[in-house]
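1. sequence first, predicted coordinates after that:
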Amino acid sequence: MTKQEFLESLERHLRGQIPEAQILENMDYYRSYIEKEEAAGKTEEEVMQILGDPWLIAKTLIDSANRTPGENRMVYESEAEREDGGDSRTGSYRSWKLDLTTWYGKLIVIAGAALVIFLLFTLMSILLPIVLCLMAVGFVIRLFRNR
């Protein structure tokens, strides 16, 4: 992909999704970034590989632009931080936020669900033979008791 193709694709994906002023600002940013990297000695192809897919960049920019403060966010913080406002030694407040409106937030949730399902199936594959053996032993014991 060339610089021109990258910029055209980025603009095409942003068009109609975010305000025109933000499109122009982002286009100027990426244009100058590419030129700066080329001036530093990188080839156009190397810079395009570093930047990656313009659709993914556009998606991230659109998600950031369309999000309103506090919208669909899950906030995780410890009880100690909530009670005293942060670390008493430094006076800083730290919290970790997972924004479920972004692609990476959704990816984290999907990966977590897949991990839970994997662990459940692993646990079942370990416990099922044990449970079946215990049931078979119980059945045999019951047969001998009834005689």
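-> Good, I have the coordinates.
2. now do the strands in the chain.
-> Here the chain has its strands, by DSSP state E, at 73-76, 96-99.
3. of those, which shows the lowest average pLDDT?
-> Of all the strands of the chain, the minimum mean pLDDT falls on strand 73-76 (a mean of 44).
4. check what pLDDT the spatially most central residue of the chain gets.
-> Nearest to the mean C-alpha position of the chain, counting by CA atoms, centre = their mean, stands Y104 at 2.1 Å. pLDDT for Y104: 83.
5. need the contact list for T102.
-> T60, D63, S64, R67 (CB atoms under 8 Å, 6 or more residues apart in numbering). C-beta: built from backbone N, CA, C; applies to glycine.
6. circling back to that earlier point, how much space between the residue nearest to the centre of the chain and R15?
-> From Y104 across to R15, the span is 23 Å (CB to CB, to the nearest Å).
7. also A136?
-> 67 Å.
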